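*Asks:* Would you be able to build a 3D model of this:
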Amino acid sequence: MTRVLIADDHTMFRQGLRRLLLDAADLEVGGEAASGSETLEFTRSGGIDVVLLDISFPDLSGLEILRKLKESGFPGRVLMLSMHPAETYAMVSASLGANGYVDKDCSSHELIDAIRTIAAGGSYLPPRIAGDIVFDSGRHRFLPRHHKLSPKEYQVFLRLAKGECVSGIADAMGIKSRTVSTYRARLLVKLQLNNNAQLVRYAVEQGIV
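*Replies:* Residues are numbered from 1 along each chain as shown. Below is the predicted model:
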């Protein structure tokens, strides 16, 4: 039996997922989490095989939660489940240790298949983009510029796009303000942008925030 933690800040969505998983004989809801801190607490208690992890929470981003899970040695698997299209976040999620990524508008059949696939030790991406992820190494010029960012740069990019200040980002990520400024300078070069205003505009245009 695969025990699944549903981590999403929308109550109705969690309830819908719970009902869906109840229909699968080999899956069991091991808990629900409405915030990043609750997600991390549940996983520390053990007994969770797969985490269905949203990208957006009121306290921590899903990517930050993912990073903390991997750093803590969480032995389970993580399936990112987000309203954002996979083209936007799948590659970054994979680089941070996610085992799969599905859009929230996927079918119930696809979601169950994805959970079973990663629970069995595999990985899952929507078929329409799987080829792009696998073969992207020779095609970077065709990918959005933010796909070239490192995981740390991407985390700083997301927080800057949401209007967070350098010192606040440093506190949240547990690094020095000087390091955040270095990441900011690097990502602006990679994104071919000059300032935070352009960064925010780019993030909005790409549907990231």
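*Asks:* Wait, a strand at Ala203?
*Replies:* No: according to DSSP: H, G, I helix; E, B strand; the rest coil, Ala203 belongs to no strand; its state is helix.
*Asks:* I figured it was touching Arg159, is that so?
*Replies:* No: Ala203 is beyond contact range of Arg159, at 10.7 Å (criterion: CB atoms under 8 Å). Backbone N, C-alpha and C define where each C-beta goes, glycine included.
*Asks:* Between the two, tell me which one has more neighbours.
*Replies:* The neighbour count for Ala203 versus Arg159, taken as other CB atoms under 10 Å, is higher for Arg159 (21 against 18).
*Asks:* and that one, helix, strand or coil?
*Replies:* From three-state DSSP, the assignment for Arg159 is helix.
*Asks:* Find the nearest non-adjacent residue to it, please.
*Replies:* Ile169 (4.7 Å; CB to CB, 6 or more residues apart in numbering).
*Asks:* Would you list the phi and psi of the one you found?
*Replies:* Main-chain torsions, Ile169, degrees, to the nearest 10: phi -60, psi -40.
*Asks:* any idea how this structure splits into domains?
*Replies:* The chain breaks down into these domains under automatic domain parsing: 2-136, 144-205.
*Asks:* Including mean pLDDT, could those domains go into JSON lines?
*Replies:* Written out in JSON lines, the entries for the domains of the chain read as follows (pLDDT from 0 to 100):
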{"stretch": "domain 2-136", "mean pLDDT": "87"}
{"stretch": "domain 144-205", "mean pLDDT": "89"}
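*Asks:* remind me, longest helix of this protein?
*Replies:* helix 177-191 (DSSP state H).
*Asks:* CA-only coordinates of it, as CSV, when you get a sec.
*Replies:* Taking C-alpha atoms only, helix 177-191 is exported to CSV below (Å, rounded to 0.1, in the frame of the first residue of the first chain):
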residue,chain,number,x,y,z
SER,A,177,22.5,39.0,1.7
ARG,A,178,25.8,39.3,-0.3
THR,A,179,25.2,35.8,-1.7
VAL,A,180,21.6,36.8,-2.7
SER,A,181,23.0,39.8,-4.4
THR,A,182,25.4,37.7,-6.3
TYR,A,183,22.6,35.3,-7.5
ARG,A,184,20.6,38.4,-8.5
ALA,A,185,23.4,39.7,-10.6
ARG,A,186,23.9,36.4,-12.3
LEU,A,187,20.3,35.7,-13.1
LEU,A,188,19.8,39.2,-14.5
VAL,A,189,22.6,38.5,-16.9
LYS,A,190,21.2,35.1,-17.9
LEU,A,191,17.7,36.6,-18.3
